[in-house]
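> Compute the structure for the input listed below.
(one chain, ligands or ions: 1)
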Amino acid sequence: MEIILALALFLIFLIILALGLVVVVLGTLKKGKMGINLAKTGCAQCGEPMPAIRKPANLRQALWGGWTCKQCGTENDKWGRQIRP
Ligand SMILES: [Zn+2]
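Modelled structure (predicted):
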């Protein structure tokens, strides 16, 4: 009986993991918040490359990525698109 319970828990864990993966893959394809950007991007305004180590300037950057350009001060998301306040 315990084995069935353990298997069921393991299956639920796998399903949650798979759903999380689907969300991240879809987010990456649609360039959404949940996506992961592995490519190097630059500033939308001046083209300054994104620093390898980013220090989040605000909560949104900490949660969803993105950075503030040190050349021109433009706030970009992790896809290199300008964020308009
Ligand atoms: Zn810039």
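> domains of the chain?
1-36, 38-85 (automatic domain parsing).
> All the helices of the protein, residue numbers only.
All helices of the chain, identified by DSSP state H, fall at 2-29, 59-64.
> lowest-confidence stretch among those helices?
Note on the helices of the chain: lowest mean pLDDT is at helix 59-64, with a mean of 93.
> Same question for it: list its buried residues.
Neighbour counts using 16 or more other Cβ atoms under 10 Å place Gln61 of helix 59-64 among the buried residues. To be clear about C-beta, it is placed using only N, CA and C from the backbone, and glycine gets the same treatment.
> ok now that helix, how far from the chain's centre?
Distance of helix 59-64 from the chain centroid (Cα atoms, centre = their mean, to the nearest Å) equals 9 Å.
> I'd like to know which elements that helix is packed against.
Helices and strands touching helix 59-64, by 3 or more Cβ pairs under 8 Å, 6 or more residues apart in numbering; DSSP states H and E: there are none.
> And for it, what's in contact with it?
33, 54, 56, 66-68, 75, 77-78, 83 (Cβ atoms under 8 Å, 6 or more residues apart in numbering).
> Deepest-packed of the helices of the chain, please.
helix 59-64 (a mean of 13; mean count of other Cβ atoms under 10 Å).
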